[in-house]
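Undergrad: Whatever this is, show me its structure:
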Amino acid sequence: MSDDKIQSPLSDADKREVWGEWADNEEQHLQEVEQRWGDSQAYAQTANRVARYGKREWEEINADNASIEGRIRELMDAGCDPTSTEAMDAAEAQRVHVSRWFYDMSHDFHVLKSQLYVDDPRYRAGIEDNTRPGAAEWLQTAIKANAARAAAASRTPGA
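TA: Residues are numbered from 1 along each chain as shown. Prediction:
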C-alpha cells in the first residue's frame, strides 16, 4: 500500500456541504478505495492532490462534474447515439475531469473503470441519479468509442 492516504483538510461541516451524503460514510469509502487501488500510482497521485483541496476546489470539482452530467442528460434526452462525436466528447470531458482533479486517467483505464459504472450499484447511482436511467451503459459505450477514437488518432501520422 502507498504511504500516502487520501485525506482532505476540510472540516466535517465543509465535507458535508460539498460532498453531501458521501461524507457520512467517508471512512468506509476511503478504506474500500485504499483496498482496491492503494498500491497504484493513481491512488498516490489522488492522495497528493486531495490533500491540497479546500472548499473552493471541491465546489469547482462539483460544478465541473455537474456540467458533464448535464451534458450527458441533454444528449440522452435528444436521443444521441453514444458512439457519436458529441457523446465521445462528453466521455472525454469526464476523463479529462478525473485527470485534472484526481489522477492521470488513460483511455484504457477509463474503459476499465466504466465497467464499475455498469456493475457496481453505487457507481451506477452516482451517474444515473443526476442523468437518466440507462446512463451507465450509455456512458460506457461512449467511453469505449472515445478510447477507440483516441487510439485511431494516435496511429494517424501527424496526430
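
Undergrad: helices or strands up against the least confident helix or strand in the chain by mean pLDDT?
TA: Ranked by mean pLDDT, DSSP states H and E, the weakest helix or strand in the chain is helix 26-37, scoring a mean of 73. Other elements packing on helix 26-37 under the criterion 3 or more Cβ pairs under 8 Å, 6 or more residues apart in numbering; DSSP states H and E are helix 41-50. Every C-beta, even on glycine, is put in place using the N, C-alpha and C of the backbone.

Undergrad: What number of residues are in the vicinity of the residue lying closest to D81 once chain neighbours are set aside?
TA: Leaving aside its chain neighbours, D81 sits nearest to A87 (6.6 Å; criterion: Cβ to Cβ, 6 or more residues apart in numbering). A count of nearby residues for A87, using other Cβ atoms under 10 Å, gives 23.

Undergrad: helices or strands up against the strand or helix carrying V118?
TA: Assessed by DSSP states H and E, V118 sits inside helix 107-119. Helices and strands touching helix 107-119, as assessed by 3+ Cβ pairs under 8 Å, 6+ apart, comprise helix 85-101, helix 121-128, helix 135-155.

Undergrad: quick one: which of those helices has the weakest pLDDT on average?
TA: Note on the helices and strands packed on helix 107-119: helix 121-128 shows the lowest mean pLDDT, a mean of 92.

Undergrad: In that helix, which residues are buried?
TA: Y123, R124, G126, I127, E128 (16 or more other Cβ atoms under 10 Å).

Undergrad: doesn't L10 make contact with G54?
TA: Yes: the criterion here is Cβ atoms under 8 Å, and G54 meets it with L10 at 7.0 Å.

Undergrad: From E17, how far out is the one residue sitting closest to the centre of the chain?
TA: Centroid check for the chain by Cα atoms, centre = their mean gives V98 as the closest residue, at 5.1 Å. Using Cβ to Cβ, to the nearest Å, one gets 22 Å for the distance from V98 to E17.

Undergrad: try I127
TA: Distance, I127 to E17, by Cβ to Cβ: 22 Å.

Undergrad: same check, this time on N62
TA: In this structure, N62 and E17 are 10 Å apart, going by Cβ to Cβ.
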